[in-house]
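**Student:** I need the structure of the sequence given here:
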Amino acid sequence: MGEFGKRTVNATQAPPRWDASSAPPQSTPVWSDQISERDLKALEKGQLPPWTNMSRLKLLGLALFVMAMVLGAVALYGPEVARDLRYAGTFRVADDLRATEGRCKRYIFLVSLCSAKIHSVANERSTSSTEFLMFFRSGDGAELIPVRSNVDASAVGIQYAVSDVLLNRVLSLLGIIAFFGWIAWKFLDCIRTGRYKDGPGHEAVRQYVALHSNPT
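**Tutor:** Numbers count the residues shown, from 1 in each chain. Here you go, the predicted structure:
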């Protein structure tokens with residue numbers, strides 16, 4: 001006989017049964033964690049995402065290469081753009097200078113890389129050069145008129161660059177920085193999210209393909 005306050009245990013009580021129906025259902029894989037909507041669209045068309053053929057090292061190399069291109073463009077064209085913006089409106093035609101060898105090379109009808117040499121009329125050995133890039137302009141037919149800032153005598157250029165297409169040059173350089181910076185970020189983001197060959201994202205693609213190729 002049991003006593004009040006003490007638990008009575010029935011030795012013949014059967015242990016609790018495990019009901020399989022009470023087990024928590026297995027969750028369906030969340031593909032969005034590793035596979036983007038763009039990847040899903042490619043898979044639905046029977047194509048693998050491009051990054052599945054790129055190793056982590058290759059993605060890192062591409063990201064570094066693109067960033068080096070951006071830094072190179074900034075180093076080559078940035079200082080002169082900044083100078084021309086600083087002295088905008090102060091450039092005057094310089095009769096003691098002569099501009100020669102002006103050339104522009106256009107790529108894919110989009111960006112033009114231009115350069116010219118500026119010589120001193122009194123001293124031919126005193127030579128400087130100007131280089132700039134611009135979008136949607138060819139530079140064909142532009143006159144090579146040498147100019148000098150009346151604020152800083154060492155700031156020389158050609159009128160077409162410092163006046164006619166100055167805004168274009170600024171926007172073009174900013175556009176290159178933004179576009180290629182975005183591409184470099186996309187490469188690095190693939191590494192961060194495991195979306196590279198034999199990475200977690202690639203394994204998720206394999207599971208997705210296996211699940212949808214063998215429907216139950």
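**Student:** from here on, just use CA atoms for contacts and neighbour counts.
**Tutor:** Fine.
**Student:** where does this protein dip in pLDDT?
**Tutor:** Applying pLDDT under 70 to the chain picks out residues 1-33, 214-216.
**Student:** hey, where'd the helices end up in it?
**Tutor:** Under the criterion DSSP state H, the chain contains helices at 37-44, 56-86, 159, 166-192, 200-213.
**Student:** tell me which residues in the last one are buried?
**Tutor:** When neighbours are counted by 16 or more other CA atoms under 10 Å, the buried residues of helix 200-213 are found to be 201-205, 208.
**Student:** can you give me phi and psi for the nearest residue to Ala122 once chain neighbours are set aside?
**Tutor:** With sequence-adjacent residues excluded and distances taken as CA to CA, 6 or more residues apart in numbering, Ala122 is closest to Asp96, at 7.1 Å. Backbone torsions of Asp96, given as degrees, to the nearest 10, read phi -90, psi 10.
**Student:** if we can go back for a sec, mind checking the helices of the chain for the one nearest to Cys104?
**Tutor:** With CA to CA as the criterion, Cys104 lies closest to helix 166-192 of the helices of the chain, at 13.6 Å.
**Student:** what residues sit buried inside the closest one?
**Tutor:** Neighbour-count burial for helix 166-192 flags 166, 168-170, 172-173, 176-177, 180-181, 183-184, 187-188, 190-191 (criterion: 16+ other CA under 10 Å).
**Student:** and the closest residue to Asn150 other than its chain neighbours, how far from Met134?
**Tutor:** Closest residue to Asn150 apart from its sequence neighbours, by CA to CA, 6+ apart: Thr90 at 5.7 Å. Thr90 sits 22 Å away from Met134, going by CA to CA, to the nearest Å.
**Student:** which of the two has more residues huddled nearby?
**Tutor:** Neighbour tally, Thr90 and Met134, criterion other CA atoms under 10 Å: the higher count belongs to Met134, 24 against 15.
**Student:** residues in contact with that one?
**Tutor:** 111-113, 165, 168-169, 172-173 (CA atoms under 8 Å, 6 or more residues apart in numbering).
**Student:** tell me the one among the residues you listed nearest to Glu101.
**Tutor:** Proximity of the contacts of Met134 to Glu101 (CA to CA) peaks at Leu113, which lies at 13.5 Å.
**Student:** hmm, back to that, now distance to Ile145 too, for the helices of the chain, in TSV please.
**Tutor:** Shown next, in TSV, are the helices of the chain (distance: least, CA to CA, whole Å):
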stretch	distance to Ile145
helix 37-44	51
helix 56-86	15
helix 159	6
helix 166-192	15
helix 200-213	57
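**Student:** nearest to Thr130, out of the ones you listed?
**Tutor:** Nearest to Thr130, of all those, is helix 56-86, at 8.0 Å by CA to CA.
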